[in-house]
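Q: sequence and computational prediction follow.
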Amino acid sequence: DSGVTQTPKHLITATGQRVTLRCSPRSGDLSVYWYQQSLDQGLQFLIQYYNGEERAKGNILERFSAQQFPDLHSELNLSSLELGDSALYFCASSVQSYNEQFFGPGTRLTVL
Amino acid sequence: KNQVEQSPQSLIILEGKNCTLQCNYTVSPFSNLRWYKQDTGRGPVSLTIMTFSENTKSNGRYTATLDADTKQSSLHITASQLSDSASYICVVSSANYGQNFVFGPGTRLSVLP
């Protein structure tokens, strides 16, 4: 158990819908990262927050957005969902940007 | 274009044997290189993190090397165990705007009894 929690574990929805994925980092970690893992593209970095502020942005689509709240938990919002958005979404946390990252168990999103 | 390549794509070895996985990258400017172990359907677990100045780093039976000049890294697994069966992923982060992480496709390792 990494200490990072993600909810829900599974999510099934339809195209065009909007969903919210939630992540609680390890106690004391200020950085939160979001990643997408699909079968055809492997793991991809989406976005990083540090203490509530956006720190780095990767291959995140404009339909996706994220935020980190004052209690340091983070949410990833996915809108206008497409079939290709079906993937495992991982959250990770670390103390600082250059430290070891601890990954959560992931949320499996299926878009039908 | 920032890329990370890994070889071999898959590897089968017998329990107790050693193996070496390779990672080549073109990410620039370089910040650090990480190796992760990922069991199917689970989150990756960090094995090592190396910066530009580090040549070797060990974590138990895992030893990673980095040659920043040739932009190559390797992960050596000693005395393999059945539990080592997993995907091993090389990740290179660039120093542009914080850190941007570029993932390799992974090497799928199967350890047989």
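A: Thanks, I have it.

Q: which parts of stretch B:16-26 are buried?
A: In terms of neighbour count (16 or more other Cβ atoms under 10 Å in any protein chain shown), stretch B:16-26 has its buried residues at B:19, B:21, B:23-25. For glycine as for every other residue, the C-beta is placed from the backbone atoms N, C-alpha and C.

Q: contacts for that stretch?
A: With contacts defined as Cβ atoms under 8 Å, 6 or more residues apart in numbering or on different chains, stretch B:16-26 is touched by B:1-8, B:11, B:13, B:33, B:35, B:71-80, B:88, B:90, B:92, B:102, B:104, B:107, B:109.

Q: and for stretch A:80-92?
A: A:4, A:6, A:13-19, A:21, A:23, A:25, A:32-38, A:43, A:63, A:74, A:76, A:78, A:101-104, A:106-112, B:41, B:43-44.

Q: if we can go back for a sec, out of the contacts of stretch B:16-26, which end up buried?
A: B:4, B:6, B:11, B:13, B:33, B:35, B:71, B:73-75, B:77, B:80, B:88, B:90, B:92, B:102, B:104, B:107, B:109.

Q: next secondary structure after the helix or strand of chain B at the bottom of the mean pLDDT ranking?
A: When the helices and strands of chain B are scored by mean pLDDT, DSSP states H and E, strand B:100-103 comes last with a mean of 89. Taking DSSP states H and E as the definition, the helix or strand that follows strand B:100-103 towards the C-terminus is strand B:107-112.

Q: out of everything not next to it in sequence, what's closest to B:L47?
A: With sequence-adjacent residues excluded and distances taken as Cβ to Cβ, 6 or more residues apart in numbering or on different chains, B:L47 is closest to B:W35, at 4.4 Å.

Q: my error: substitute B:I12 in the last question.
A: Once its chain neighbours are removed from consideration, B:I12 has its nearest residue in B:S110; the separation is 4.7 Å (Cβ to Cβ, 6+ apart).

Q: tally of neighbours for that neighbour?
A: With neighbours defined by other Cβ atoms under 10 Å in any protein chain shown, the count for B:S110 comes to 12.

Q: could I get the pLDDT score of it?
A: B:S110 carries a pLDDT value of 98.

Q: what's the answer for the one 3 residues further on, then?
A: According to the per-residue confidence, B:P113 scores 96 in pLDDT.

Q: run through the residues that contact the nearest residue to it once chain neighbours are set aside.
A: Using Cβ to Cβ, 6+ apart and skipping the chain neighbours, the partner closest in space to B:P113 is B:E15 (5.3 Å). Residues counted as contacts of B:E15 (Cβ under 8 Å, 6+ apart) are B:80-82, B:111-113.

Q: tell me the pLDDT at B:E15?
A: The confidence metric pLDDT takes the value 98 at B:E15.

Q: before we move on, what about B:G98?
A: Among the per-residue scores, B:G98 holds a pLDDT of 55.

Q: ok, the residue nearest the centre of chain A - contacts?
A: For chain A, the residue lying nearest the average C-alpha position, counting by Cα atoms, centre = their mean, turns out to be A:W34 (3.4 Å). With contact taken as Cβ under 8 Å, 6+ apart, A:W34 is in contact with A:23, A:45-48, A:60, A:66, A:74, A:76, A:89-91.
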